[in-house]
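**Student:** predicted structure and sequence below. I'll ask about it afterward.
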Amino acid sequence: MRLARLILPLLALFAVTPAFAKMVVKPVDWTLDGTTFKSLLIYDDAAKAKRPGLVMVPNWYGVGDTAVEKAKKIAGKDYVILLTDMYGEGVRPKNDDEAKAAIGPLYGNRALMRQRIDKAFEQLKVYTANAPIDQSRLAAIGFCFGGNAVLDLARSGSDAKAVISFHGGLGTDDPALAKSIKARVLAINGADDTATIPDVPKFTEEMRGSPADWQFVEIGHAVHCFTETEATGKTGNCRYDAKAAARSYAMMRSWLAESFAKN
């Protein structure tokens, strides 16, 4: 009896101890027009409840260790993230020159960029069978180059509930595509981002001509790369800004919650 009195409280303790979080990083591949793309599915498997799925396109350095850590932090227990390879197998830039070369073919052929991001979003739907993704709550987020990519996803007429661009490029090869937008569009840029300031008037004009529920936010005194923790420089147009990053992530979560509530 004495032993039983000791064991039962211990069993009760283990019964109420929460499961430890474990971030799953699962390689996923697909092929498009003969090119194989190596992406990653990232989520916390401690919770089994289905949650929104997000395509995430990183900055021009593509799928690497820094992008994986960023995706883990954003995913937490709230989202399943498909960290998306836009370049294809073997293309992993190691410096700015290589990154510029990698994005060149996509900026030079925006139809190809749209084709690749559309394929990634369709793959997110496929993985709802193998990950805790709620197929009724799908969206896309992107950073720098990736921001431009997810805006092109919206322009392609995707049925994503929302797309969110962080310090992303705003330009397009065809403003008329905006008439096809179904997603709710949020673009968040630095007010002092010299790389994107010239495109702001054209972008807002483009959005005004669309049927989209959209919002363009400029964060005061922020420049480019404000969510990129590795951008540690004190000068120049690519600098991390903790305050701007926190504000933008809060806006993202609010925008996604509103978008998914409109199902």
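**Tutor:** In hand now; what should we look at? Predicted, not measured: the structure shown is a model, and the values here were computed from it. Numbers count the residues shown, from 1 in each chain.

**Student:** how about the contacts made by residue 238?
**Tutor:** 223, 224, 225, 228, 231 (CB atoms under 8 Å, 6 or more residues apart in numbering). Where you see a C-beta, it was placed from the backbone N, CA and C, and this is true even at glycine.

**Student:** dump the residues you listed to JSON lines, plus pLDDT.
**Tutor:** Below are the contacts of residue 238 laid out as JSON lines (pLDDT from 0 to 100):
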{"residue": "223", "pLDDT": "98"}
{"residue": "224", "pLDDT": "98"}
{"residue": "225", "pLDDT": "98"}
{"residue": "228", "pLDDT": "98"}
{"residue": "231", "pLDDT": "96"}
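
**Student:** which of these lies closest to residue 119?
**Tutor:** The shortest gap between residue 119 and any of these belongs to residue 228, at 25.5 Å (CB to CB).

**Student:** before we move on, what SS does the closest residue in space to that closest one that isn't next to it in sequence have?
**Tutor:** In space, and not counting its chain neighbours, residue 228 is closest to residue 240: 5.6 Å by CB to CB, 6 or more residues apart in numbering. Three-state assignment for residue 240 (DSSP: H, G, I helix; E, B strand; the rest coil): coil.

**Student:** residue 234: neighbour count?
**Tutor:** Counted with other CB atoms under 10 Å, the neighbours of residue 234 add up to 5.

**Student:** helices of the protein, start to end?
**Tutor:** 2-16, 65-75, 96-108, 110-126, 145-155, 200-208, 242-261 (DSSP state H).

**Student:** in JSON lines: the ones you listed, plus mean neighbour count, distance to residue 22 and mean pLDDT.
**Tutor:** Formatted as JSON lines, the helices of the chain follow (neighbours: other CB atoms under 10 Å; distance: least, CB to CB, whole Å; pLDDT from 0 to 100):
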{"stretch": "helix 2-16", "mean neighbour count": "8", "distance to residue 22": "18", "mean pLDDT": "46"}
{"stretch": "helix 65-75", "mean neighbour count": "17", "distance to residue 22": "11", "mean pLDDT": "98"}
{"stretch": "helix 96-108", "mean neighbour count": "15", "distance to residue 22": "31", "mean pLDDT": "98"}
{"stretch": "helix 110-126", "mean neighbour count": "19", "distance to residue 22": "21", "mean pLDDT": "98"}
{"stretch": "helix 145-155", "mean neighbour count": "28", "distance to residue 22": "26", "mean pLDDT": "98"}
{"stretch": "helix 200-208", "mean neighbour count": "16", "distance to residue 22": "40", "mean pLDDT": "98"}
{"stretch": "helix 242-261", "mean neighbour count": "16", "distance to residue 22": "22", "mean pLDDT": "98"}
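
**Student:** turn the ones you listed into CSV, columns for distance to residue 49.
**Tutor:** Below are the helices of the chain laid out as CSV (distance: least, CB to CB, whole Å):
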stretch, distance to residue 49
helix 2-16, 18
helix 65-75, 14
helix 96-108, 36
helix 110-126, 18
helix 145-155, 25
helix 200-208, 34
helix 242-261, 14
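
**Student:** closest one to residue 31 among the ones you listed?
**Tutor:** helix 110-126 (9.3 Å).
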